[in-house]
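Engineer: here is my input, please return the structure:
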Amino acid sequence: MKEISVWPNPSTDELHLQGIEARSYNLSIYDVSGKLVVEYSKLDDYTIDISSFDSGLYIAAVSSQNFTATFKWSKL
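Structural biologist: Sure thing, here's the model as predicted:
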């Protein structure tokens, strides 16, 4: 698996992901307190609408049968 790229960081309205090669995966987004904010089974275009998220730091975990990767970003 390649490294997952996330941009822009910091973000305001959308977050774009690149490098997810699995056909089936889960994406979970948590705030800094560890509270689950949203979970996706799969994204069609690897773009997440974060316009309704509060400003702050977020952590996401992408997982499939063969890998798990985490990344963090800031929402302005």
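Engineer: separation between the residue nearest to the spatial centre of the chain and Val37?
Structural biologist: Nearest to the geometric centre of the chain sits Ala60, at 4.5 Å (CA atoms, centre = their mean). Distance of Ala60 to Val37, given as CB to CB, to the nearest Å: 9 Å. Quick note: C-beta positions are derived from backbone N, CA and C, even for glycine.
Engineer: what residues are shared contacts of those two?
Structural biologist: Contact criterion CB atoms under 8 Å, 6 or more residues apart in numbering; residues shared by Ala60 and Val37: 29-30.
Engineer: follow-up on the earlier one: who does the residue nearest to the centre of the chain bridge with?
Structural biologist: Residues in a beta bridge with Ala60, per DSSP bridges, are Ile29, Phe71.
Engineer: that one against Phe53, yeah?
Structural biologist: No: the criterion here is CB atoms under 8 Å, and Ala60 misses it with Phe53 at 11.4 Å.
Engineer: show me where the chain has strands.
Structural biologist: Here the chain has its strands, by DSSP state E, at 5-7, 14-18, 26-31, 36-40, 47-49, 56-63, 68-75.
Engineer: Serialize those strands to CSV and add fields for mean pLDDT.
Structural biologist: Shown next, in CSV, are those (pLDDT from 0 to 100):
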stretch, mean pLDDT
strand 5-7, 91
strand 14-18, 92
strand 26-31, 95
strand 36-40, 96
strand 47-49, 92
strand 56-63, 94
strand 68-75, 92
